[in-house]
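Trainee: The following comprises the amino acid sequence and a computationally predicted model.
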Amino acid sequence: MAISGKTRVCGVIGDPIEHTLSPTIHNAAFNHLNLDFVFLAFRVKAADLEKAIQGMRGLGIHGLNVTMPHKSTVISFLDEVDPTVKFLGSANTILNKEGRLSGFNTDGVGALKALRENGAELSEKKVLLLGAGGAAKAIAFALAEVGELVVLNRTADKAKELAAVLGQRFGKKVVGGPLSSDTVQKNLRDSDILINSTKVGMHPHENQTIVEPQWLRSDLTVMDIVYNPIETRLAKDAKAAGAKVISGVEMLIYQGAASFELWTSRSAPIEVMRRAALNRLSGAGASK
Ligand code: NAP
């Protein structure tokens, strides 16, 4: 693809950023659809965030993904944010429309699509969500249609607070509590879907898991949003138990696809993006 004076620039900002997968995924998609776009990674230190966003305006950068540590602090530099960003207090995507910067969060929609597109039934099901960090919050917010949601977190107060806010918003059963062997085992017994949104099992701690293999069953759907390694210990154990397993790469692709569609107004080439991500991940360690 030739870069010219008309090429639209997108990118990702974060710190650290060297291992980001986003340029790999988005440039593969732009090339596949012959779009005159290019995607770059920018290391932006926390103290330089405001200048970076002013730079986005000044340079006419068309779209940005935002990753740690800027997902919350970036909001105050944008012109508008959608209701999901307002609720979550974090944005991972910016669209520059003729100088007006709008913020979105595609993590929840990415998780929802990963579940649905991989055949998970959500309606009236019981979901056990492990974790109450940024990703867990986005996923919990997107799971409005499920019957019952239990959020367990190492820092129990965060899970309780999230459950209280969601219960009020959705008017349905959302319970929050501490993450322990007992609470996981007990809640897993009558759950249909298990989602790990903690960092447990992430490189370089590939051998760690919260869920004992004997607690897993063939009628469970298990999604581990950790995507490095591609197949986590939890995913391996769930596969061995005969459960339906959905990899974190799926959420990564679908949240990226949602950003891509905001920037280009074109349908994202999911298979091309998936192949690019898997190729990269099967090589050196990487992060979003
Ligand atoms: P975060 O906001 O820092 O939250 C981390 C979560 O992990 C918290 O709930 C934390 O519990 C929990 N945790 C960390 N270490 C733990 C341990 N040893 N035992 C039990 N719980 C532990 O991070 P995040 O942005 O939500 O990301 C979480 C994971 O999801 C990361 O691995 C990230 O790479 C992955 N992720 C994947 C995608 C995707 O597209 N697939 C998208 C976003 C994130 P406390 O609250 O008690 O600290």
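Mentor: Ah, there it is.
Trainee: Name the nearest residue to the residue in the chain that the ligand sits nearest to, ignoring sequence neighbours.
Mentor: Per C-beta to the nearest ligand atom, residue 133 is where the chain lies closest to the ligand, at 1.9 Å. Yep, even glycine has a C-beta here, placed from its N, CA and C like the rest. Nearest non-adjacent residue to residue 133, counting by C-beta to C-beta, 6 or more residues apart in numbering: residue 197, 6.9 Å away.
Trainee: Who are the contact partners of the one you found?
Mentor: 129-131, 133, 135-136, 139, 225 (C-beta atoms under 8 Å, 6 or more residues apart in numbering).
Trainee: Most neighbours of all the residues you listed, which one?
Mentor: In terms of neighbour count, residue 129 stands highest of those at 31 neighbours, by other C-beta atoms under 10 Å.
Trainee: A strand includes that one, no?
Mentor: Yes: assessed with DSSP: H, G, I helix; E, B strand; the rest coil, residue 129 lies in a strand.
Trainee: any idea how far residue 190 is from it?
Mentor: 15 Å (C-beta to C-beta, to the nearest Å).
Trainee: Residue 76 too?
Mentor: Taken as C-beta to C-beta, the span from residue 76 to residue 190 is 43 Å.
Trainee: give me the beta-bridge partners of residue 151?
Mentor: As for beta bridges, residue 151 partners with residue 129, residue 176 under DSSP bridges.
Trainee: Spatially central residue for this structure, please.
Mentor: residue 107 (3.7 Å; C-alpha atoms, centre = their mean).
Trainee: In contact with the closest residue to that residue other than its chain neighbours: list those residues for me.
Mentor: Distances taken as C-beta to C-beta, 6+ apart put residue 138 closest to residue 107, at 3.7 Å, once the chain neighbours are dropped. Residue 138 is in contact with 84, 88, 90, 105, 107-108, 111, counting by C-beta under 8 Å, 6+ apart.
Trainee: Just give me the closest of those to residue 231.
Mentor: residue 111 (18.1 Å; C-beta to C-beta).
Trainee: how about that closest one, secondary structure?
Mentor: Under three-state DSSP, residue 111 comes out as helix.
Trainee: Burial check on it, number of neighbours?
Mentor: Other residues close to residue 111 by other C-beta under 10 Å number 30.
Trainee: Settle this for me: it is touching residue 252, isn't it.
Mentor: No: Residue 111 is beyond contact range of residue 252, at 10.0 Å (criterion: C-beta atoms under 8 Å).
Trainee: who in this structure is up against the ligand?
Mentor: The chain has residues 107, 110, 131-136, 153-155, 158, 179, 197-200, 202, 225-227, 248, 251-252, 255, 288 near the ligand, with proximity defined as C-beta under 6 Å from any ligand atom.
Trainee: And the buried ones among those, selectable in ChimeraX?
Mentor: Buried residues among these (16 or more other C-beta atoms under 10 Å), as a ChimeraX selection:
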select :107,110,131,132,134,135,136,153,154,158,179,197,198,200,202,225,226,227,248,251,252,255,288
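Trainee: In helices only, show me the residues of the chain next to the ligand.
Mentor: In helices, judged by DSSP state H, the following of these are found: 107, 110, 134-136, 158, 248, 251-252, 255.
Trainee: Pick out the most distant pair among those residues.
Mentor: For those, the maximum inter-member distance is 23.3 Å, found between 158 and 252 (C-beta to C-beta).
Trainee: just the helices in the stretch 151-288 of the chain please.
Mentor: With helices called from DSSP state H, counting those that start in this stretch, the stretch 151-288 of the chain shows them at 156-170, 181-188, 233-240, 248-264, 270-281.
Trainee: Tabulate the ones you listed (CSV), appending mean pLDDT and distance to residue 145.
Mentor: Formatted as CSV, those follow (pLDDT from 0 to 100; distance: least, C-beta to C-beta, whole Å):
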stretch, mean pLDDT, distance to residue 145
helix 156-170, 93, 9
helix 181-188, 98, 19
helix 233-240, 98, 23
helix 248-264, 97, 17
helix 270-281, 97, 22
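Trainee: Let me know which of the ones you listed is tucked in deepest.
Mentor: Among the helices of the stretch 151-288 of the chain, ranked by average contacts under mean count of other C-beta atoms under 10 Å, first place goes to helix 248-264 (a mean of 24).
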